[in-house]
Every structure is written in C-alpha cells, then in structure tokens.
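Participant: 3D model of this:
(one chain, ligands or ions: 1)
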Amino acid sequence: MRRHDVAIIGAGAAGLSAALVLARACRDVVVLDAGHPRNAPAAHMHGFLSRDGMAPADLLGTGRSEVRGYGGVVVDTTVTGIRPDPAGGFRLTLTDGRPDVPARHVLVTTGLRDELPAVPGLRERWGRDVLHCPYCHGHEVRGRRLGVLGGDPGSHRYAQIVRQWTDDLVHVVPPGRLTADERTALLARRVEVVEGAVDHLVVDDADHLRGLQMDDGCVVACEALFVPPRFVPHDALLTGLGCDVDDRGWVVVDGTGRTSVAGVWAAGNVVDPRAQVVTAAGAGSATAVALNADLVDDDVRTAVRDLGPHTGPTRPHNQIEEDA
Ligand SMILES: Cc1cc2nc3c(=O)[nH]c(=O)nc-3n(C[C@H](O)[C@H](O)[C@H](O)COP(=O)(O)OP(=O)(O)OC[C@H]3O[C@@H](n4cnc5c(N)ncnc54)[C@H](O)[C@@H]3O)c2cc1C
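Facilitator: Got it, this is the predicted structure:
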C-alpha cells in the first residue's frame, strides 16, 4: 500500500477539518473512522456559526463529501495500533483484517467518552433530556423546571451556570457535600437544594423526563437534567506511542497540536475536554496547517539530500542567467 502523507484517526469535527485543509494543500490524506462521534445521541447541534440546529450526522456527512471532493480518502474502520515504521513514518493496524496503513505523519482526533453516574436510565436519555452542556442545549430547555445532578467538587458552580437558563432549578446532591458558603450562594440565587440519593429517573407515557425518584420515596420534579460527566479521552493510540501526559493524565500538545513524539499530532476532545464542535474543528484546522509546514520542512531536507554533493557556493538564479 502506498505511504500516505497523513493518516487521520477519527472523522469528527477535528479530524475532518484537518483533512479538508490537508487535502486542499495537495497532501495525500487518509481518514480512518470508527463511526461513533461523541454528539451522535443529540438530534441537533448548536453553537456552530452558520450551522446552528443542524443534525450532527449531516455536518459530518457534508464534511466527508468535501474531503473526498479534494481527493482525500475516508475509510470506515477502527485503528487498533500505531507503531513506528523502520522505513520512516508510522504503520497503522486496523481491526477488520485490512492491510496496515503506512503514513509519514499521524493526527489523532479520536475524541472522548462521557462517563455518567450509575443511575438507571441516565445513559438511555443522554443527549435528549439528560444533558451535559448548557451552551449546547440550554436554550432549548430555558425557563423550564431543570435539575442538576451533583456530587463532584465543583458541581455547585455548574449548577450556578445552568441557573443562567432558568429561574426554576433544583440541585440534587448526596448529603454533606456542600459547604455552608456553597449552599448560601445557591440559595441566594433561589436554587433549590435537595440532598439525597437518586434511585432512578421518572419518565411519563409520552417518553418525557418528569423527575428523579429518590431512594427515600420522594420524587424531585424536573423536565431536563444536567449531569456533569467524567471525561475519558480515547487516547490509547497516543499513550501507546509514548506521548507525554500531564498530571491529570491527559496527553500534552503544544499550541499547534504537536505531541512529544515527532510526527504524531492530536486535536479536538482527545486532548481538550472543553472543545465544542466549532473549537474542535478550529483545532483540527490549525493543527493541519502546522503539520503541513512540518512535512514541507521534511520535503526540503529530502530534496537537498537528493540533489547530491555539489561544489562551490550556490549562485543566485539571475547570476546564472547573466553568466550564460
Ligand atoms: C450529547 C452531546 C451533545 C453535544 N452537543 C453539542 C452541540 O450542540 N454543540 C457543540 O458544539 N458541541 C456539542 N457536543 C460536544 C461535541 O460532541 C464535541 O465537541 C465534538 O464531538 C468533538 O469533536 P472531535 O472531533 O474531537 O471528536 P468526535 O466528534 O467524538 O469524533 C471522534 C471520532 O473518532 C472516532 N474514533 C475513536 N477511536 C477511534 C479509533 N481507534 N479508530 C478509528 N476511529 C476512532 C470516533 O468513532 C469518532 O467518529 C455534544 C456532546 C454530547 C455528548
């Protein structure tokens, strides 16, 4: 198989934006994608200028077409490993028995997984009326009776942010988690606080969330529930290559998306849990520009080497013409 200039793992917003820039830079690009973008459970995507309200699948479908329109290749498959190639660059192993994919550089845009509290019914309603990001979906439920499920340090602050979208908010936390100051700050903004453990979600016959069944028998009413998940990056390909991680365990990239391993790049949620679709797309695009510059440097080194030994200083082009 021919060696690609760049193999991109992940065809979400970050990967496809990078692929578009690189394909338009006349690079040989292959994008390998397992087909599970993070926002797939949501019917609509918000906050992306000029694409607000679009279905997530439509954005990515359009992106794939644009990449293919410039000669980029997009393949549905899962990458299980990346290893340095003794011949230079890297070789990618795929799940489905396809041959390894060789590439000069790799860009990992594999996103992250949202780990939710172990409350029955939460996962099934994720992206519908169980939500994580008020900037993505808060406007659609503004003014309604909303809940915030807490527990982790900082969840009171998250509740204060969700309060921006409604005057009717309840913050449900396990007993004893809030400090006196945190409780005062919530009550000062008329956020109701309920302390207790959630047993399961209450859903009506029309399949709408109605509240939280607490294990003491009470029901806490709400029409949508905000839940801060634990973000788990899909970074095994990067850590397997030995990329440096920070003290939280997240792979480190510089401002251009470069990891600590030469030729290995990363962008989007896999290295930045705060990235939304538009910022993941921006990071992918910016990384592609830096990556292409690195390939150009490499192309220059190769061209000079292939020129072979020559004697004397190089003369300017116009001087050669005058001599002739
Ligand atoms: C329910 C929900 C709703 C959201 N709504 C919004 C919204 O309205 N607006 C907004 O801006 N943001 C929203 N987000 C956030 C948004 O999903 C992310 O910002 C965005 O998906 C990040 O893009 P990404 O390219 O980094 O990763 P992703 O979009 O997750 O893409 C990663 C891709 O890599 C693939 N992949 C992973 N591992 C491999 C592998 N080993 N081999 C091959 N492929 C692999 C995955 O299958 C996936 O297709 C929402 C998130 C959730 C959970």
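
Participant: burial of the closest residue to the ligand within the stretch 51-200 of the chain, as a residue count?
Facilitator: When scored by Cβ to the nearest ligand atom, the stretch 51-200 of the chain has Gly111 as its residue closest to the ligand, at 2.6 Å. To be clear about C-beta, it is placed using only N, CA and C from the backbone, and glycine gets the same treatment. Residues near Gly111, counting by other Cβ atoms under 10 Å, number 24.

Participant: likewise for Val141?
Facilitator: 20.

Participant: residues contacting the residue lying closest to it once chain neighbours are set aside?
Facilitator: Spatial nearest neighbour of Val141, chain neighbours left out: Ala224 (4.3 Å); criterion: Cβ to Cβ, 6 or more residues apart in numbering. Counting by Cβ atoms under 8 Å, 6 or more residues apart in numbering, Ala224 makes contact with Asp129, Val130, Leu131, His137, Val141, Arg144, Leu146, Gly147, Leu209.

Participant: ok, Arg190 touching Asp167?
Facilitator: Yes: Arg190 lies in contact with Asp167 (Cβ atoms under 8 Å); the separation is 6.8 Å.

Participant: pretty sure Asp5 sits in a helix.
Facilitator: No: counting by DSSP: H, G, I helix; E, B strand; the rest coil, Asp5 falls outside a helix, being strand.

Participant: isn't it up against Val106?
Facilitator: No: in this structure Asp5 lies outside contact range of Val106 using Cβ under 8 Å: 10.6 Å.

Participant: pick out whichever of these two has more residues nearby.
Facilitator: For Asp5 versus Val106, neighbours defined as other Cβ under 10 Å are more numerous around Val106 (28 against 21).

Participant: the more buried one sits in which helix or strand?
Facilitator: Here Val106 is covered by strand 101-108, with elements defined by DSSP states H and E.

Participant: check Arg83 too.
Facilitator: strand 79-84.

Participant: does that strand reach the ligand?
Facilitator: Yes: judged by Cβ under 6 Å from any ligand atom, strand 79-84 comes into contact with the ligand at Val79.

Participant: okay, buried residues for that strand please.
Facilitator: For strand 79-84, a neighbour-count test (16 or more other Cβ atoms under 10 Å) marks Val79, Ile82 as buried.

Participant: what is the neighbour count of the residue nearest to Arg177 when sequence neighbours are not counted?
Facilitator: In space, and not counting its chain neighbours, Arg177 is closest to Gly151: 6.4 Å by Cβ to Cβ, 6+ apart. By other Cβ under 10 Å, the residues close to Gly151 number 14.
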